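A.B. asks: just need the structure, nothing else, for what follows:
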Amino acid sequence: MKLRIGDTERTIVILSWLQIVGGITGIGLVAYLMLQTADVNGAVLLIFLTGLALFTFSIYCGKSLLKDKNKIPAVILSIVNYAMQVIQWSLLGYGFSYSTGAEVTMGISIPALDFKFNIAAVSSSFNMSINSGTEFMLKVNLIAVMVVWVLSDILDELRTANMDPELKVEEIATS
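C.D. replies: Next up is the predicted model:
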């Protein structure tokens, strides 16, 4: 069973716009946080630059998926982008969480042993911790898992289309 929003071409367009809009909102988030930060040292600058790089990468992936004729490299880059969003974690003062566009996360947090569940649409989040806090947190972004699965399936379709020169990508996109 192929999980698609309409056909493959429409799914690609929706996923590309999800990355573009998520990247733009993420850059806005980082800009807002930069304006709210009074003291910027090396670690804080590293965190801001990492956030800007990730959200810029998301925009690039979405643009490539939308505009490139050869979709295979764009789909691979988009899989990498969403694979980084699957696991959100924090352990021994270090942590990383990143999402663009939308998220549905489930996970646990210790020491309170809380079960966490979060839903967000048309939003982006980024958190990188370096030597701060002692909380353990592990969450899985279910939207990112689903998108990686869909993009992997689309990648298989595109590779199949490239192996058979008689089969055109448009024919696969409509099936």
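A.B. asks: biggest helix in this protein, by residue count?
C.D. replies: The helix spanning the most residues in the chain, taking DSSP state H as the definition, is helix 8-36.
A.B. asks: buried ones in it, by neighbour count?
C.D. replies: Residues of helix 8-36 classed as buried under the neighbour-count rule (16 or more other Cβ atoms under 10 Å) are 8-9, 11-12, 15-16, 18-27, 29-30. All C-beta atoms are positioned from the backbone trio N, CA, C, and that covers glycine.
A.B. asks: ok, the closest residue to residue 111 other than its chain neighbours - contacts?
C.D. replies: Nearest residue to residue 111, sequence neighbours excluded (Cβ to Cβ, 6 or more residues apart in numbering): residue 135, at 7.1 Å. Residues in contact with residue 135 (Cβ atoms under 8 Å, 6 or more residues apart in numbering) are 90, 109, 110, 111.
A.B. asks: for those residues, which one is nearest residue 162?
C.D. replies: Closest to residue 162 out of those is residue 90 (41.3 Å), distances taken as Cβ to Cβ.
A.B. asks: quickly find the element holding the closest one.
C.D. replies: Following DSSP states H and E, the helix or strand that holds residue 90 is strand 87-91.
A.B. asks: tell me the mean pLDDT over the next helix or strand after that strand?
C.D. replies: Proceeding N to C from strand 87-91, the next assigned helix or strand is strand 94-99, under DSSP H and E. If you average the pLDDT over strand 94-99, you get 92.
A.B. asks: would you mind writing the CA trace of the helix or strand residue 109 falls within as PDB?
C.D. replies: For residue 109, the enclosing helix or strand under DSSP H and E is strand 102-110. Written as PDB, here are the backbone C-alpha positions of strand 102-110 (Å, rounded to 0.1, in the frame of the first residue of the first chain):
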ATOM      1  CA  ALA A 102       4.800  19.800  11.700                       C
ATOM      2  CA  GLU A 103       5.400  17.300  14.500                       C
ATOM      3  CA  VAL A 104       3.600  14.700  16.500                       C
ATOM      4  CA  THR A 105       6.000  13.600  19.200                       C
ATOM      5  CA  MET A 106       5.700  10.900  21.900                       C
ATOM      6  CA  GLY A 107       8.300  10.100  24.500                       C
ATOM      7  CA  ILE A 108       9.400  10.100  28.100                       C
ATOM      8  CA  SER A 109      11.100  12.500  30.500                       C
ATOM      9  CA  ILE A 110      13.000  11.600  33.700                       C
END
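A.B. asks: I am finished for the moment; much appreciated.
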